[in-house]
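Peer 1: Pasting the sequence and the predicted coordinates here, then a few questions.
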Amino acid sequence: MTVWFTSDNHFGHTGARSLYRRPFASVAEMDRQMVHLWNSVIEPNDEVWHLGDFAVRQPPERVASLLAELHGQKHLIIGNNDNAAVTNCPGWKSVQAYAEATVDGTPLVLCHYPFRTWRNMAKGWINLHGHSHGRLKPMPRQFDAGVDVWDFRPVTLAGIIQRTKPRPPATPTTTTP
């Protein structure tokens, strides 16, 4: 079982394409592609933490259909656009506004909103969030798990940390005169 993180799919949200400069011809294409990309990395028994804004103004039947189509055991951290159709859907393993979890020995603080301070931040805890669609300069040990940052698919903690590690300095080349 692998643990994955994502947020801000905004399934069904007409304005998402222009607001977040998403490269899809239509909302239907956006939704289809994000379902495909999700299922291309998530196995049925994997655990997925969705950090909010799953779907926008969608009827309960549509939310339930999406959750049934998406692989994995899904937890929801409630976002500002997650209405009762989203939060009351029985397809979630859990629904909460905030969570703390440990993944691969790393303690995490999970919330839809990015924090400026969080519990045990000085002790190495990591804050994973959504909401900012890649537009917020992160603090150390703070990462946006949103689809707009991660090619419209969920990402593992190892993937987040690996991509954000500083690269080693380039080795200078010397030329002899």
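Peer 2: That came through fine.

Peer 1: Can you check the pLDDT for T171?
Peer 2: As summarised for this prediction, T171 has a pLDDT of 44.

Peer 1: er, K137 actually
Peer 2: As predicted, K137 sits at a pLDDT of 89.

Peer 1: Name the SS class of it, please.
Peer 2: In three-state terms, and counting by DSSP: H, G, I helix; E, B strand; the rest coil, K137 is coil.

Peer 1: now it: how far from R116?
Peer 2: 11 Å (C-beta to C-beta, to the nearest Å). C-beta coordinates here come from the backbone N, C-alpha and C atoms, glycine included.

Peer 1: Now do the helices for this protein: every range, in order, please.
Peer 2: Using DSSP state H, the helices assigned to the chain run over residues 16-19, 27-41, 60-69, 84-87, 157-164.

Peer 1: Is the residue nearest the centre of the chain bridged to anything, and to what?
Peer 2: Nearest to the centroid of the C-alpha atoms of the chain, with distances taken as C-alpha atoms, centre = their mean, sits T6, at 1.7 Å. On the basis of DSSP bridges, T6 takes part in beta bridges with H50.

Peer 1: Once you drop chain neighbours, what's closest to F115?
Peer 2: Spatial nearest neighbour of F115, chain neighbours left out: N127 (5.2 Å); criterion: C-beta to C-beta, 6 or more residues apart in numbering.

Peer 1: Does that neighbour touch C111 like I think?
Peer 2: Yes - N127 is in contact with C111 according to C-beta atoms under 8 Å; the separation is 7.3 Å.

Peer 1: quick one on the thing from earlier: mean neighbour count and distance to H75 added to the helices of the chain, as JSON lines?
Peer 2: Shown next, in JSON lines, are these (neighbours: other C-beta atoms under 10 Å; distance: least, C-beta to C-beta, whole Å):
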{"stretch": "helix 16-19", "mean neighbour count": "15", "distance to H75": "22"}
{"stretch": "helix 27-41", "mean neighbour count": "16", "distance to H75": "14"}
{"stretch": "helix 60-69", "mean neighbour count": "16", "distance to H75": "12"}
{"stretch": "helix 84-87", "mean neighbour count": "18", "distance to H75": "12"}
{"stretch": "helix 157-164", "mean neighbour count": "14", "distance to H75": "14"}
